[in-house]
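K.L.:
Structure of the sequence below:
(one chain, ligands or ions: 1)
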Amino acid sequence: MSEQQPTLLVTGASGHLGRRVVELLLEAQAGTIVATTRTPEKLSDFSQRGVIVRQADFDDPESLVPAFTGVDKLLLISTDVLGIPGKRIQQHTNAVKAAEKAGVKHVVYTSIMNPGPESPIVVAHDHRETEAAMKASGMGWTMLRNNIYADMLLGSLGQAIQMGKLFSAAGDGKAAYVTREDCARAAAAALADSFMGQRALDITGPEAVSQADLAKIASEISGQEVTYIPLEVDVLVDNMVNAGLPRPLAEGLATFDTGIAQGLLGDVSNAFEELTGSKPTSVAEFLASNREALLQVADAH
Ligand SMILES: NC(=O)c1ccc[n+]([C@@H]2O[C@H](COP(=O)([O-])OP(=O)(O)OC[C@H]3O[C@@H](n4cnc5c(N)ncnc54)[C@H](OP(=O)(O)O)[C@@H]3O)[C@@H](O)[C@H]2O)c1
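P.N.:
Predicted coordinates:
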C-alpha cells in the first residue's frame with residue numbers, strides 16, 4: 001500500500017451493507033473511496049461527497065478490470081443472488097480474478113461462519129468456493145465470516161409475538177447474531193486498516209443466544225408471552241410451505257436452523273472489538289432499540 005492514504009473500493013455500494021460501509025469510510029476520512037454498483041445513479045449523493053462512483057456488474061466480467069483499476073484494497077460484498085446453482089460462485093470468481101488482474105493487493109470478503117463442507121447451511125457452498133478462489137489468487141485476503149444478521153430476527157420474532165409462539169428447528173443450539181450495522185463497521189475497519197496479509201475473522205455479537213433466549217427477549221420487549229416450540233426440521237419446512245413459502249425456499253431457510261442446532265454459529269469472537277475498538281451490539285439491545293419495527297411486524301400478521 002502506498003505511503004499516502006490508500007484507495008479503497010466497495011462493491012455493491014447501493015446495497016444496505018455497502019452504502020453503510022461507504023458512509024463509515026467517509027466519516028473516517030479513510031482514503032480515496034471508490035464505490036462500484038450496477039446502478040451508479042443510485043449513488044449520486046456519494047459522487048457529490050467526493051466518492052468515485054463506477055459501474056461494475058459481476059455478471060459482466062469485462063466491466064470489472066477497469067472498475068477495479070488503481071485500487072489498493074477492495075471489499076467484495078457477496079451478492080444477493082440465491083437459488084441459481086453456481087451463479088454466485090461465478091459472480092464472485094469473476095470479481096476475484098478481475099481484482100487480481102487490475103492490481104488490487106488485498107480483498108476483504110463478506111463470508112459466513114464455518115463455511116466448510118460440514119456446514120448444512122444453504123449458502124455455505126458459495127462462500128466456501130469464493131474463499132477458495134481468493135486463497136488461490138496472489139492477493140492478500142480478509143474473510144469476514146459474518147454470523148446471521150440480528151436484523152433478520154425482526155421478521156421471525158415479530159411473527160412469534162403475534163402468535164405467542166416461536167417455532168424453530170434449532171433445538172437448544174445458540175447463534176451469536178450480529179447486527180448488520182456491526183458487520184458494516186467491521187468491514188469498514190478491515191478495509192481501512194493497514195493489514196495486507198491473510199486472515200479469517202468471525203464477526204459475531206457479544207454472546208450466543210438460544211431460541212428459548214430469543215422467546216424470552218421477545219416476551220420482555222412486547223409484554224406478551226412468547227413460548228419457544230422446538231420442531232423437527234421436516235415439520236418446520238411443512239409449516240412454512242403451508243404458510244405459502246415455496247418448498248425450496250423453506251428448505252433453504254431451515255438449513256440455518258440445522259446449522260445452529262449443530263453449533264456452527266455459536267462461537268463468540270472478539271474480532272469485531274479488535275477491528276473497531278468497540279463492543280458489538282447484543283441481540284437484546286438491537287431488538288429493544290427496534291421495538292417499533294418488531295411490533296409493526298407483529299401487527300401486520
Ligand atoms: N449474514 C446474514 O445474515 C446475511 C443476511 C442477508 C444477506 N447477507 C449477505 O450479505 C450481502 C450484503 O447484505 P445487504 O443487507 O447489504 O444485502 P442487499 O441490500 O440485498 O444488497 C445486495 C447486494 O448484492 C449486490 N449485487 C447483486 N447482484 C450483483 C451483481 N451482479 N454484481 C455486483 N453486485 C451485485 C448489490 O449491489 P448493487 O445493487 O449496488 O449493484 C448489493 O450490494 C448480501 O448480498 C448477502 O450476500 C448476509
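K.L.:
Now do the helices in the chain.
P.N.:
Taking DSSP state H, the helices of the chain run over residues 16-28, 44-48, 61-68, 87-102, 124-136, 153-163, 180-192, 211-222, 233-242, 247-261, 271-276, 283-289, 291-300.
K.L.:
Pick the most deeply packed of those.
P.N.:
Highest mean neighbour count of these: helix 180-192, a mean of 24 (counted as mean count of other CB atoms under 10 Å). The way it works is simple: take the backbone N, C-alpha and C, and place the C-beta from them, glycine included.
K.L.:
packing partners for that one?
P.N.:
strand 7-10, helix 16-28, strand 73-76, strand 106-112, strand 140-146, strand 198-203, helix 271-276 (3 or more CB pairs under 8 Å, 6 or more residues apart in numbering; DSSP states H and E).
K.L.:
Quick check: can you list the domain ranges of this protein?
P.N.:
Domain assignment for the chain by automatic domain parsing gives 7-146, 147-179+204-266+280-301.
K.L.:
hmm, the shortest one in reach of the ligand?
P.N.:
Yes. Applying CB under 6 Å from any ligand atom, one finds domain 147-179+204-266+280-301 touching the ligand at I148, Y149, M152.
K.L.:
For the first one, which residues are in contact?
P.N.:
When contacts are counted by CB atoms under 8 Å, 6 or more residues apart in numbering, I148 is found next to A175, Y177, V178, F256, L265.
K.L.:
Format the CA atom coordinates belonging to the worst-scoring helix or strand of the chain on mean pLDDT as CSV.
P.N.:
In the chain, no helix or strand scores lower on mean pLDDT, DSSP states H and E than helix 291-300, which sits at a mean of 88. Provided in CSV are the C-alpha atoms of helix 291-300 (Å, rounded to 0.1, in the frame of the first residue of the first chain):
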residue,chain,number,x,y,z
ARG,A,291,-39.1,-2.3,19.3
GLU,A,292,-41.4,-0.3,17.0
ALA,A,293,-40.4,-2.2,13.9
LEU,A,294,-40.8,-5.5,15.7
LEU,A,295,-44.3,-4.7,16.9
GLN,A,296,-45.2,-3.4,13.4
VAL,A,297,-44.3,-6.8,12.0
ALA,A,298,-46.4,-8.4,14.8
ASP,A,299,-49.4,-6.2,13.9
ALA,A,300,-49.1,-6.9,10.2
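K.L.:
Point out the ones among the contacts of I148 that are inside strands.
P.N.:
A175 (DSSP state E).
K.L.:
With pLDDT and distance to V21 as new columns, can the contacts of I148 be given to me in a markdown table?
P.N.:
What follows is these, written out as a markdown table (pLDDT from 0 to 100; distance: CB to CB, whole Å):
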| residue | pLDDT | distance to V21 |
| --- | --- | --- |
| A175 | 98 | 23 |
| Y177 | 98 | 19 |
| V178 | 98 | 15 |
| F256 | 98 | 24 |
| L265 | 98 | 23 |
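K.L.:
Just flag the most distant two among the contacts of I148.
P.N.:
Greatest spacing in the contacts of I148, by CB to CB: V178 and F256 (14.0 Å).
K.L.:
now A284, nearest residue through space, not along the chain?
P.N.:
Nearest non-adjacent residue to A284, counting by CB to CB, 6 or more residues apart in numbering: I217, 5.1 Å away.
K.L.:
Now do the same contact list for the one you found.
P.N.:
L157, V209, V283, A284, L287.
K.L.:
And it, how far from the ligand?
P.N.:
From I217 across to the ligand, the span is 18 Å (CB to the nearest ligand atom, to the nearest Å).
K.L.:
And that residue, what's its pLDDT?
P.N.:
For I217, the pLDDT comes out at 98.
K.L.:
Check the gap between it and N239 for me.
P.N.:
22 Å (CB to CB, to the nearest Å).
K.L.:
ok, L17 to G138 distance?
P.N.:
27 Å.
K.L.:
er, L157 actually
P.N.:
Remark: distance between L157 and G138 (CB to CB) = 44 Å.
K.L.:
Also G116?
P.N.:
Distance of G116 to G138, computed by CB to CB: 24 Å.
K.L.:
Look at those two and report which has more neighbours.
P.N.:
More crowded of G116 and G138, by other CB atoms under 10 Å: G116, with 10 against 6.
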